[in-house]
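Engineer: coords below, sequence missing:
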């Protein structure tokens with residue numbers, strides 16, 4: 001398994017950790033990421049976001065030195081659970097984080113609960129995740145939070161009928177469900193709900209079926225990393241020529257892959273909580289440090305979630321004055337507010353869910369590159385699916 005250390009003083013980390021008198025001064029964060037396999041782009045962005053945070057903030061907080069241990073789970077839940085156990089037992093981590101897919105987070109939940117170790121959900125977007133463990137805290141976003149704004153936008157912009165096409169796993173089913181619910185509440189009609197396999201997806205037959213139904217719009221969701229494959233097949237089907245609008249959550253026009261999609265995606269409307277083009281001092285500073293320490297890579301939604309996950313970890317340690325008691329750390333995260341590169345962020349004090357800002361964006365060309373340009377602030381949306389108070 002891949003096992004890396006990220007630290008501002010990485011060269012000295014092992015030497016210091018080996019000295020018993022100083023061992024308590026190191027706080028370890030175990031990041032379980034898909035660094036290889038189908039979701040490798042997600043893992044790469046998450047690791048890069050954490051690296052950017054340390055580069056900007058430094059690795060010291062409350063008198064402790066934070067050290068990040070990266071483990072590659074290949075996007076496989078059974079491996080994730082074993083790695084979580086190893087990180088808790090062998091590495092003595094004070095925090096877990098990452099989790100590229102919902103099944104991975106679900107597999108790690110019992111480990112976090114038993115060990116009483118806070119686990120920061122940076123990626124897995126199914127609403128059902130956080131209630132599975134009292135030690136889960138979300139730094140990313142949920143599917144209803146992403147889906148409601150684009151359904152609202154569609155209903156207000158002349159779209160009366162739609163077909164949904166999603167990846168057939170929990171977040172996709174959430175996206176399908178909540179788009180249909182919100183769109184039909186606003187007077188629209190979903191003509192059909194199509195699901196493509198998550199592994200080795202072939203979208204063409206589903207796209208043809210959607211086109212044959214002649215909706216006003218096709219709504220899409222696939223996990224970050226599959227958007228380029230999907231959009232190539234969408235473009236081949238010439239939905240624009242049939243006057244069918246193509247709309248989506250922001251995962252489809254992932255900042256990491258957008259430039260490779262070409263001008264055919266110009267004008268595409270999506271909803272999401274982050275764009276590398278977001279106009280704020282915090283985001284400009286984030287993009288600058290991210291590019292500097294990650295070989296000029298453009299940050300995406302995963303990167304900013306990892307960055308904010310590290311913000312959560314540092315702020316909770318500040319609040320506990322370096323105490324790594326898991327319950328105290330989780331309690332310190334409840335109700336936290338800060339200005340993120342994506343805008344105002346908050347952790348719901350009752351549910352431990354992130355309340356991120358949401359935006360409607362259009363793909364435009366700026367300075368020779370494609371960007372998701374925000375043109376409407378959809379506000380901060382609480383996850384509407386549960387009110388657990390564990």
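Structural biologist: All right, it came through fine. Everything quoted here is computed from the prediction, not taken from an experiment. Residues are numbered from 1 along each chain as shown.
Engineer: got any ranges where the protein has weak pLDDT?
Structural biologist: Per-residue confidence for the chain (pLDDT under 70) gives these ranges: 1-24, 386-390.
Engineer: center of it, which residue is that?
Structural biologist: A centroid search over the chain (CA atoms, centre = their mean) returns residue 123, at 3.5 Å, as the residue closest to the centre.
Engineer: Just give me how far the longest strand seen in the chain sits from the chain centre.
Structural biologist: When the chain is parsed with DSSP state E, its longest strand is strand 369-380. Mean C-alpha position of strand 369-380 versus that of the full chain (CA atoms, centre = their mean, to the nearest Å) differs by 17 Å.
Engineer: So for that strand, what gets flagged as buried?
Structural biologist: 370, 371, 372, 373, 374, 378, 380 (16 or more other CB atoms under 10 Å). (Each C-beta comes from the backbone N, C-alpha and C, glycine too.)
Engineer: Over to stretch 157-167?
Structural biologist: In terms of neighbour count (16+ other CB under 10 Å), stretch 157-167 has its buried residues at 159, 161, 162, 163, 164, 165, 166, 167.
Engineer: For the chain, just list every one of the helices.
Structural biologist: Here the chain has its helices, by DSSP state H, at 10-17, 20-23, 40-57, 77-89, 102-115, 143-156, 170-185, 204-212, 227-236, 281-293, 301-319, 326-333.
Engineer: Tell me, how many residues neighbour the closest residue to residue 315 other than its chain neighbours?
Structural biologist: Nearest residue to residue 315, sequence neighbours excluded (CB to CB, 6 or more residues apart in numbering): residue 336, at 5.7 Å. When neighbours are counted by other CB atoms under 10 Å, residue 336 registers 18.
Engineer: contacting residues around residue 337?
Structural biologist: Residues in contact with residue 337 (CB atoms under 8 Å, 6 or more residues apart in numbering) are 344, 345, 346, 347.
Engineer: sorry, back to before: quick one: which of the buried residues of stretch 157-167 sit in strands?
Structural biologist: The strands, defined by DSSP E, take in 161, 162, 163, 164, 165, 166, 167 from the buried residues of stretch 157-167.
Engineer: can I assume the residue nearest to residue 315 is in contact with residue 344?
Structural biologist: No. Contact criterion CB atoms under 8 Å: residue 336 and residue 344 do not qualify, at 11.6 Å.
Engineer: out of the ones in strands among the buried residues of stretch 157-167, who's nearest residue 118?
Structural biologist: Taking CB to CB as the measure, residue 118 sits nearest to residue 167 out of those, at 28.6 Å.
Engineer: How much space separates the closest one from residue 202?
Structural biologist: Applying CB to CB, to the nearest Å, the value for residue 167 to residue 202 is 12 Å.
Engineer: so what sits against both of the two?
Structural biologist: Counting by CB under 8 Å, 6+ apart, the common neighbours of residue 167 and residue 202 are residue 196.
Engineer: before we move on, back to that, ranking the helices of the chain by burial, who's on top?
Structural biologist: helix 301-319 (a mean of 25; mean count of other CB atoms under 10 Å).
Engineer: That helix vs helix 326-333, what angle?
Structural biologist: Counting by axes from the mean of the first three to the mean of the last three CA atoms, to 10 degrees, helix 301-319 lies at 110 degrees to helix 326-333.
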